[in-house]
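In: Next come a sequence and a model predicted from it.
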Amino acid sequence: MFSSSVSKRTVLVPILSVVAITLFFIRSVTSINETNAYLYHKCFEKDGKYKPNSLYEKNLDFLISNVWKNASVKDYIYGMEGGRPNTVYILIQCRGDSYGSKCDTCRSTAYSELRKRCPMKKGAIVWFDRCLLKISPTTFLNEMDLNNKFYMYNKNKVRDPVSFNSKTKTLLTELTKKATRGGPDRDMEVYWLYETGDMKLDGKMKLYGMVQCTRDIKETGCKKCLNRIIGELPNCCDGKEGGRVVSASCNFRYESYPFLDTRK
């Protein structure tokens, strides 16, 4: 995964589920925490294409240009523009530690990259280290999406995988409980459905973790989503020093070093 001090080789594994799940290596990436690395994208062929200068494209451009500017919260947007058959739905969400200009920069980069990688596609999603962007001609509000996901893990292995796997699951499960605890005015907090923490390991080692969901699926959906992907730890990252499962609705990451940006 991505280190704040030393670059580490990682492996990205997309998951395609048609009849059976197929896993394959797609590429290796090298990065550090300070970057906003491109992670993965998917074009939704079933949604079709729009024509240049069409009403659909104008609605999409309007959402990108105006909805973000007028939003009261600058790290998450779910919006729509236009009537059928040219309605566009959009979701933009930044990682919990990427707010302000960092989030805005990631949003701009994601939109530009999505246009390049999925030209004229009505439906698509792109993931960056600091944010995700999803567009669709149909609403996906409150719909948990685990069909579109991928794994990333550090090739380095731990000495005691059984113990390490157990502690990793314990940490991520505890973070999930905190992220989905709800309560009065919880939905007004900047870090809603996002939680970070760490756990002491043997010696001086620590395990650092993060969980986050897109806010459209609410607390109940978030808890279900995170529990599902945490359950994939043996497939994703068995005995690996670091790893993550990233879906369109939720994601987790853990590392043996601090990987989040604590600078304001």
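Out: On my side now, so go ahead.
In: Spit out the contact partners of Ile217.
Out: The contact partners of Ile217, by C-beta atoms under 8 Å, 6 or more residues apart in numbering, come to Asn142, Glu143, Met144, Cys225, Ser249, Cys250. All C-beta spots, glycine's among them, are computed from the backbone N, C-alpha and C.
In: Domains in the chain, by residue range?
Out: 42-136, 146-255 (automatic domain parsing).
In: Work out the gap between the last one and the centre of the chain.
Out: Okay, so that is domain 146-255. 11 Å (C-alpha atoms, centre = their mean, to the nearest Å).
In: Ok, stretch 117-127 next?
Out: Here the centre of stretch 117-127 is set off from its chain's centre by 16 Å, with C-alpha atoms, centre = their mean.
In: How about stretch 137-152?
Out: Centre to centre, stretch against its chain (C-alpha atoms, centre = their mean), the figure for stretch 137-152 is 10 Å.
In: measure that stretch end to end?
Out: 29 Å (C-alpha to C-alpha, to the nearest Å).
In: Then stretch 121-141?
Out: 20 Å.
In: Can you give me the neighbour number for Lys204?
Out: The tally of other residues near Lys204 (other C-beta atoms under 10 Å) stands at 6.
In: ok, now how distant is it from Glu241?
Out: Distance of Lys204 to Glu241, given as C-beta to C-beta, to the nearest Å: 15 Å.
In: Also Ile135?
Out: 35 Å.
In: one step back: can you tell me which of the contacts of Ile217 is closest to His41?
Out: Closest approach to His41 among these (C-beta to C-beta): Ser249, at 16.2 Å.
In: any idea how far that closest one is from Asp238?
Out: For Ser249 relative to Asp238 (C-beta to C-beta), the value is 23 Å.
In: Looking at the two, which one has more neighbours?
Out: Legend: neighbour count by other C-beta under 10 Å for Ser249 and Asp238, higher for Ser249 (28 against 15).
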